[in-house]
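Asker: Take this sequence and fold it.
(one chain, ligands or ions: 2)
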Amino acid sequence: MILHLKSSVSQQDAAALAEQIKAFHITSNGTNILITGSGVKEVPTSIENSVDQFWVFPNDMQLASKNYRSEKREVKIGNVTIGGNTGNTLLIGGPCSVESEEQIRESSELLIKLGLTTLRGGCYKPRTSPYSFQGLGLEGLKLLAKMREEYGLSVITEARDATHIDEIIEYTDVIQVGAKAMYDQGILRACAKTNKPVLIKRGFGTTLQEFAQAAEFVLSGGNENVILCERGLRTFETGTRFTLDLCGVAWMQEYTNLPIILDPSHAMGYAYGIPNLAKACVAMGVDGLLIEAHPNPKVAKSDASQQLDHAQFEQLLNSLRPVAESVGYKMI
Ligand code: PEP
Ligand code: MN
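Answerer: Ligands and ions are numbered 1, 2, ... in the order given. Now for the predicted structure:
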């Protein structure tokens, strides 16, 4: 249930009302105080006079639901906005991991050359093996911040656990919550306390409902800047790394009000498949794409097989522009 309280209701009275109906969260949308919770199916008469608008939902997808807000939310990343009616498809590019200043500088220069704005690079890598490269940590974040400073790029990196959030907020523009981290409520709750955009990746065994509920953790805590990212599910198939769930994307477009970014790189796992998959993604009219690219993929310290080299990345962008235009979008 979501209640919009009348603007005359004070914060203190709102807290008492929330307590009365055992609601969980109190936030504000600038005009109204919002109370979100579960279980209540109609406005109790005792609080009727304080309520401006009221929504009930069949499940716990609430703030993210089109039934609450029919228009897609906008999220601002640096100087660009995605979602809403912007018609922007944001191409986020860069390596899987930040490995050195030289490497991340080359990635930055590629984006600048192509007129792109948003650089990705992992610093705290959620590796499956403890013996693999784990990322440069704080040193990597500082390199991203340096690129932001020198090139005016926005930067995005992932949080592997909640202890990284403060650093990530300080040094970057978008917090990525990875496929393995998206059930970590410490991370989600920490993301709720900032206004930085949060890109939540769908876990590879996560239902769409669970995915939406992860977004609710951030939204209900007061951060409206949430982006959903589909990056592939684990299926019986071993020929590709994961299986990109475009049906799930259609579901999210139908039922959620959040911008959607697609990550064909992690879904496919192999560079050869990325160009055509990326076209399929863009043809769905999505708000962004996340593509891994490395100056020399062969020596990449993580996800080497799926990263495009810079010539392939440039070619990809050129081939995506007309696809985006054909569905009323623009690659930015
Ligand atoms: C990544 O973006 O490099 C990454 C590790 O992604 P995921 O969480 O989707 O596996
Ligand atoms: Mn990766």
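Asker: Could you pick out the residues of the chain near ligand 2 for me?
Answerer: 96, 303 (Cβ under 5 Å from the ion). Yep, even glycine has a C-beta here, placed from its N, CA and C like the rest.
Asker: how far away is the residue of the chain found nearest ligand 2 from residue 289?
Answerer: Of all residues in the chain, residue 96 sits closest to ligand 2, at 3.3 Å by Cβ to the ion. Remark: distance between residue 96 and residue 289 (Cβ to Cβ, to the nearest Å) = 15 Å.
Asker: do the same with residue 278
Answerer: Residue 278 is 6 Å from residue 289, by Cβ to Cβ.
Asker: shared neighbours of the two, anything?
Answerer: Residues touching both residue 278 and residue 289 (Cβ atoms under 8 Å, 6 or more residues apart in numbering): 264, 320.
Asker: thinking again about what came up before, quick check, the residue of the chain closest to ligand 2 in contact with residue 291.
Answerer: No - in this structure, residue 96 is not within contact of residue 291 by Cβ atoms under 8 Å, at 10.8 Å.
Asker: Looking at the two now, which is surrounded by more residues?
Answerer: A direct count of neighbours by other Cβ atoms under 10 Å for residue 96 and residue 291 places residue 291 higher, at 27 against 24.
Asker: residues in contact with that one?
Answerer: When contacts are counted by Cβ under 8 Å, 6+ apart, residue 291 touches 91-93, 263-265, 274, 278, 308, 313, 316.
Asker: Contacting ligand 1 as well, which ones from those residues?
Answerer: Among the contacts of residue 291, no residue lies close to ligand 1 (Cβ under 6 Å from any ligand atom).
Asker: Residue 119 - that's part of a strand, no?
Answerer: Yes - under DSSP: H, G, I helix; E, B strand; the rest coil, residue 119 sits within a strand.
Asker: Contacts only, for it.
Answerer: Counting by Cβ under 8 Å, 6+ apart, residue 119 has contacts 92-94, 104, 107-108, 111, 144, 147-148, 151, 153-156.
Asker: where's it relative to residue 255, distance?
Answerer: 31 Å.
Asker: Mind giving me the packing neighbours of the top helix by length along the chain?
Answerer: Of all segments of type helix in the chain, defined using DSSP state H, the longest is helix 310-326. In this structure, helix 310-326 packs against strand 88-94, helix 101-113, helix 274-283, strand 288-292, strand 330-331, with contacts taken as 3 or more Cβ pairs under 8 Å, 6 or more residues apart in numbering; DSSP states H and E.
Asker: do the longest one and ligand 1 meet?
Answerer: Spelled out, it's helix 101-113. No - residues of helix 101-113 are not located near ligand 1 by Cβ under 6 Å from any ligand atom, the shortest gap being 13.5 Å.
Asker: that older thread, identify the residue nearest the residue of the chain closest to ligand 2 in space, chain neighbours excluded?
Answerer: Distances taken as Cβ to Cβ, 6 or more residues apart in numbering put residue 303 closest to residue 96, at 3.9 Å, once the chain neighbours are dropped.
Asker: residues near the one you found, how many?
Answerer: 19.
Asker: on that earlier part again, can you select the buried ones from the contacts of residue 119 in PyMOL?
Answerer: The PyMOL command for the buried members of those (criterion: 16 or more other Cβ atoms under 10 Å) is given here:
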select buried, resi 92+93+94+104+107+108+111+144+147+148+153+154+155+156
